[in-house]
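Enquirer: Quick one, fold the following:
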Amino acid sequence: MKMYVGLTDYNWFKSLKQAECDEVNFWKPGGQANFRAVEEGELFLFKLHSPRNYIAGGGFFLKSSILPASLAWDAFGTANGNHSYEELVNRVYKYRKTGRLTGPDPCIGCIILSMPFFFKEEDWIPMPIDWSPRIQQGKIYDTQNLTGLRLYNQVQERLSAQRYEAMMVAENGQNRYGKEQIVKPRVGQGAFKVLITDAYQRRCAITGEKTLPVLEAAHIKPYSMEGPHAINNGLLLRRDYHTLFDRGYITIDKHMTVEVSPRIKEDFGNGRDYYARHGSKLMVLPNRKDQLPDIRYLEWHNENVYWG
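Expert: Down below sits the predicted model:
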């Protein structure tokens with residue numbers, strides 16, 4: 001099993017520890033390449049910058065993506081380790097030595113981590129003996145060698161001491177810690193937005209619109225009504241279509257066909273642009289079959305939300 005130890009700023013770490021987030025965005029100011037060092041569910045650990053040469057926490061890798069800073073803020077808010085969007089972009093400008101005129105909404109590399117954990121200072125783990133001060137971003141460790149296995153065991157000991165294992169109990173009642181196995185990360189609201197955005201190739205499912213700031217991740221069955229943060233329970237929609245979908249003026253049937261309710265005209269006296277979409281097929285769908293809208297959720301929306 002592999003782990004990644006990433007260098008991070010102490011203020012970023014401190015902000016997230018205080019916020020008690022259930023997911024975090026370990027972002028990088030560069031926006032040119034996705035992170036591929038570990039697989040989904042493997043450990044991503046936080047190593048603080050010198051002189052704090054310790055591993056102070058971590059999380060479970062879920063996904064990486066290159067995102068505009070505005071979308072990263074919209075998805076994760078303070079889980080970016082910043083108190084405001086302005087603070088986030090100003091830190092990006094500082095690292096890049098650029099400014100707003102160079103890039104008003106700079107793209108950043110986002111490493112999305114689920115179920116983050118933060119150790120007490122007395123539990124921080126000293127860096128492995130093979131860690132080099134010349135490392136600029138991070139390093140991969142593997143439990144197949146003694147150094148990696150020792151680090152893995154140190155992490156597990158601290159997690160157990162913090163009773164974190166209670167959050168990781170499988171349905172069969174067995175603790176997922178102790179053995180070297182990949183954890184299935186939980187998807188939070190922020191990660192859901194990014195997963196949907198990428199699955200739909202950053203285009204509106206109904207219109208094909210590509211202007212990212214007006215696109216939103218929509219739940220088919222709302223999370224508040226036990227709809228999961230899952231790609232097959234989501235659609236990427238232009239903001240007005242998202243509103244109409246949530247309020248039942250538009251739905252998608254099991255054949256991926258758009259249906260527009262006559263209530264739009266009855267309630268608002270117009271809707272010509274929306275009625276033009278009635279009976280049309282979705283323009284954009286995920287490439288993977290397991291990510292397509294689940295018929296069960298679509299039928300739920302048809303029966304419980306749509307004004308047919």
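Enquirer: How much space separates the residue nearest to the spatial centre of the chain from residue 65?
Expert: In the chain, the C-alpha closest to the average C-alpha coordinate belongs to residue 191, at a distance of 2.0 Å (Cα atoms, centre = their mean). Distance of residue 191 to residue 65, computed by Cβ to Cβ, to the nearest Å: 10 Å. In this view, the C-beta of every residue, glycine as well, is placed from N, C-alpha and C.
Enquirer: Between these two, which contacts overlap?
Expert: Listed as contacting both residue 191 and residue 65 by Cβ atoms under 8 Å, 6 or more residues apart in numbering are residue 112.
Enquirer: which residues in the stretch 151-300 of the chain form strands?
Expert: Listed from the start of the chain, the stretch 151-300 of the chain has strands (DSSP state E, counting those that start in this stretch) covering 215-219, 234-238, 250-252, 258-260.
Enquirer: In the protein, where is pLDDT below threshold?
Expert: For the chain, residues meeting the criterion pLDDT under 70 lie at 163-182.
Enquirer: Output the longest helix belonging to it.
Expert: With residue count as the measure and DSSP state H as the assignment, the chain has helix 146-161 as its longest helix.
Enquirer: which strands and helices sit next to that one?
Expert: Under the contact definition 3 or more Cβ pairs under 8 Å, 6 or more residues apart in numbering; DSSP states H and E, helix 146-161 sits against strand 2-8, strand 43-48, strand 54-68, strand 125-126, strand 138-142.
Enquirer: since we're on the residue nearest to residue 198 when sequence neighbours are not counted, how many residues are nearby?
Expert: For residue 198, the nearest residue in space outside its immediate sequence neighbours is residue 65; the separation is 5.7 Å by Cβ to Cβ, 6 or more residues apart in numbering. Applying other Cβ atoms under 10 Å, we find 22 other residues in the vicinity of residue 65.
Enquirer: right, and residue 194 touches residue 79 too?
Expert: No. With contact defined as Cβ atoms under 8 Å, residue 194 does not reach residue 79; the gap is 11.7 Å.
Enquirer: Spit out the residues that contact the two alike.
Expert: Taking Cβ under 8 Å, 6+ apart as the contact definition, residue 194 and residue 79 share no neighbouring residue.
Enquirer: List the buried residues in stretch 202-217.
Expert: Within stretch 202-217, the residues that qualify as buried are 202-207, 209, 215-217, counting by 16 or more other Cβ atoms under 10 Å.
Enquirer: That'll do, ta.
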